[in-house]
Structures are given as C-alpha cells and as structure tokens.
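Peer 1: test case, fold it:
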Amino acid sequence: MKRNYVLAMTGASGAAYAVRLLEVLSAAGSDVYLSISPAARSVLEHELDLAVDLDDFDPSMLLLDPSRRQEDEKLQEIRTLAGISSEESSVLSVPTGEPGRVHYCHHEDLESPIASGSFLTDGMVVCPCSMGTLGAIVHVAGRNVIHRAAEVHLKERRTLILVPRETPLSVLQLDNMKRAAEAGAIVLPAMPGFYQKVTAVADLVDFVVARICDQLGIRNALVQRWGG
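Peer 2: Residues are numbered from 1 along each chain as shown. Below you'll find the predicted structure:
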C-alpha cells in the first residue's frame, strides 16, 4: 500500500536536507504532499540557487525532473550539494518500484487536503523547521497550511517530525522544543554524525535524511550504520 507523507519546507538554513528528503521519499514509492513557505523559497534560492515559483510550482524546480539531470556543470554542483545523484537514486534498501508523486500544497491554501484531520497520512516532516514555525505549532498560533497540518498531526496522534537547524538556542527555543516533544512530536535537529566515513557534504546531508527516514519506518542504507 502506497504511503502518504507531508513535507513542509520552512525558512531555516538547510534546504539541502529537504530537497534530498523529497527525492528519497519519492524513490521509496511514497506520495509526498509538499508545502513551501515564502521564507523557504528564499533559502532555496540563496543556498542552492534554485528559483521556486510558489504560485506556479513544478517539481522540476527542485531538480527532480530526470530530463534536467545532465544539463550543465553548475546544475550538477547544486545536485551534489543537495545529495542528489546524477544517474540514479542512491537510495539503497528501498523498494525500486514506481516513484511516488509530489502533490503541491500552497502555503496559503487552507482548503488543501493536509489541513484536515480526515485526510489520512503516514506522517509529516517539517524540514528544515524554523524557530518561527516551531513557535507557531507549539502555541497553536497557525498562520498558514504548514502550521495547520502540523497541528492536525499532533491532534490526530500521527507522526510529526520537526527538524530544527539553529545555533545557539535560547531558553525560549529550547522550551518550545520541549513542549513540542511533550505534545508528541519528534524533535530531530539537523546534527549530522561523522562516524560514517564522511567524504563529502552530501554524506552529512544523507545522515540527517537517513535518521528522518528511520523515524518514518522507511528502510534505507543512506549511511553506514554504527557497527556495520
């Protein structure tokens, strides 16, 4: 049975984690309901030179269109930074059947399926998760469909993974993370390990993505396991 996941990109540093995670989820055959905040659009452009139109979105804007994979040297540099392979997915131990589909949900569209608890999903990931987004979720002060979808996952007792990327952290931010965890969220900071014989930035990206997939129950061999 095909799985459905919600992936929200917000305005913290770490766009490469989100782009790679989207590719991995799709390669695993999962459908992804994707929402991108305006701040995340700016981060995608600043960190990965990706121009994303939030009002006329297409997955190819995130380099997921195979026809663009051999375009030019600069594009390959961006894909390498984001951990995306040039020839084929490097997602190992994942079913290699038909890739999942990406369904775009505009951040202002509160009539989107993911805004309702009656729309069944297998989990949601906010990656990267800005401190503003974290605060809105924890204090039920939603202003967009990303906040609403996260609130839905908490109230429906579904998996919600928050991937903050901020340092240092204030007491208020730490308290928000504690409150999120107490409410049932999994707080998974983007803290890559180095024990898996890192040779490139993409290895660090894959470490965090692998840990997210582990929490979602998606078997993978993106990194060398400890003791493996």
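Peer 1: quick one: low-confidence parts of the chain?
Peer 2: Along the chain, segments meeting pLDDT under 70 span 64-97, 228.
Peer 1: what segments of the chain are helices?
Peer 2: 15-27, 38-48, 73-81, 131-138, 145-155, 171-182, 201-216 (DSSP state H).
Peer 1: can you count the residues close to the closest residue to residue 180 other than its chain neighbours?
Peer 2: The shortest distance from residue 180 to any non-neighbouring residue, by C-beta to C-beta, 6 or more residues apart in numbering, is to residue 138 (5.3 Å). Where C-beta positions appear, they are placed from N, C-alpha and C, glycine not excepted. Using other C-beta atoms under 10 Å, residue 138 is surrounded by 22 other residues.
Peer 1: contacts only, for residue 138.
Peer 2: With C-beta atoms under 8 Å, 6 or more residues apart in numbering as the criterion, the residues that contact residue 138 are 176, 179-180, 183.
Peer 1: may I see these arranged in JSON lines, with distance to residue 117 and neighbour count as well?
Peer 2: Converted to JSON lines, the contacts of residue 138 look like this (distance: C-beta to C-beta, whole Å; neighbours: other C-beta atoms under 10 Å):
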{"residue": "176", "distance to residue 117": "23", "neighbour count": "22"}
{"residue": "179", "distance to residue 117": "21", "neighbour count": "16"}
{"residue": "180", "distance to residue 117": "18", "neighbour count": "22"}
{"residue": "183", "distance to residue 117": "15", "neighbour count": "14"}
